[in-house]
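1. Predicted model, plus sequence, below.
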Amino acid sequence: MSNEKRFEVEEVVAEEYQYVAQTAFQAQEDRARVTTFYLVSVGSLFGAFFGTTPTTEQTTLWAFTGLFLFLSYFGIITLRQLIQLRLAWFESARAMNQIKDFLITQNKELDKAFRWQTKTLPALYKPKSVAYYLAQQVAMLGAVTFSAMTFYAGLAITENLETNPLLIAGAVIGGLLFLKFQMKLYRKELEHKK
């Protein structure tokens, strides 16, 4: 290969690597933004909720039920965005490793220079990672909103505003089941895409 052609190839590889590195960085940044947006949105609605007091009116109870159902659905959408951003980061990392693999075939000494290679890339589903904790944070908040939705739906159905231990227990159990569902969804989506 002539020196001029080799220089062109090195330029293209360097530019491609830079682009892929930028997309991986952007996926990380977007994950933080998505989570922050969700937390602020739900926090603002919770603030509005605590600024009001429920009355015995069925309309108010059903309005709170609808609000918390919407917030629970919003949590699922946010979780799905986190899944897609994790997949985007992973695809960028795979693309960078493809370039590294090519460079290693050209120069075997480079094998020692790269910690992450195709064979050592972290798993898509990785508990105890920042991505996992962000997903867990969103899922926990979604579980709280689902519990609130269940509680207000129960109040609306029973038409009794007195504290009912069974209603509270049902809301807590519903929230825990929703939390489990969300984390199972997160794991399934990432393990399925290997």
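-> On my side now, so go ahead. Residues are numbered from 1 along each chain as shown.
2. name the element E189 belongs to?
-> Assigned by DSSP states H and E, E189 belongs to helix 165-192.
3. residue contacts, the residue most central in space within the chain?
-> Nearest to the geometric centre of the chain sits L82, at 2.6 Å (CA atoms, centre = their mean). Counting by CB atoms under 8 Å, 6 or more residues apart in numbering, L82 makes contact with 31, 34-35, 131, 134-135, 138, 186. From N, CA and C alone the C-beta is placed, and that goes for glycine too.
4. neighbours of the nearest residue to S129 once chain neighbours are set aside, just the number please.
-> Of all residues not flanking S129 in the chain, P122 sits nearest, at 7.4 Å (CB to CB, 6 or more residues apart in numbering). P122 has 11 neighbours, counted by other CB atoms under 10 Å.
5. thinking again about what came up before, show me which of the contacts of L82 is closest to S92.
-> Among the contacts of L82, R31 lies closest to S92 (CB to CB), at 12.6 Å.
6. how distant is the helix or strand harbouring the closest one from the center of its chain?
-> Here R31 is covered by helix 3-50, with elements defined by DSSP H and E. Its chain's C-alpha centre and that of helix 3-50 lie 14 Å apart, by CA atoms, centre = their mean, to the nearest Å.
7. got it, and stretch 152-172?
-> 31 Å.
8. ok, now stretch 94-109?
-> Computed by CA atoms, centre = their mean, the chain-centroid distance of stretch 94-109 equals 30 Å.
9. tell me which residues of it are tucked away?
-> 95-97, 100-101, 103-104 (16 or more other CB atoms under 10 Å).
10. model confidence over that stretch, on average?
-> For stretch 94-109, the mean pLDDT works out to 83.
11. Run a quick neighbour tally on the closest residue to L176 other than its chain neighbours.
-> In space, and not counting its chain neighbours, L176 is closest to A143: 6.7 Å by CB to CB, 6+ apart. A143 has 23 neighbours, counted by other CB under 10 Å.
12. Report the secondary structure element holding A143.
-> helix 130-158.
13. Low-confidence stretches in this structure?
-> Applying pLDDT under 70 to the chain picks out residues 1-9, 12, 45-56, 161-163, 194.
14. do you know how far Y19 is from W89?
-> According to CB to CB, to the nearest Å, Y19 and W89 sit 14 Å apart.
15. which one of the two has more residues nearby?
-> W89 (20 against 13).
16. Check the secondary structure at A123 for me.
-> coil (DSSP: H, G, I helix; E, B strand; the rest coil).
17. Can you get me a residue count around it?
-> Look at A123: counted by other CB under 10 Å, it has 11 neighbours.
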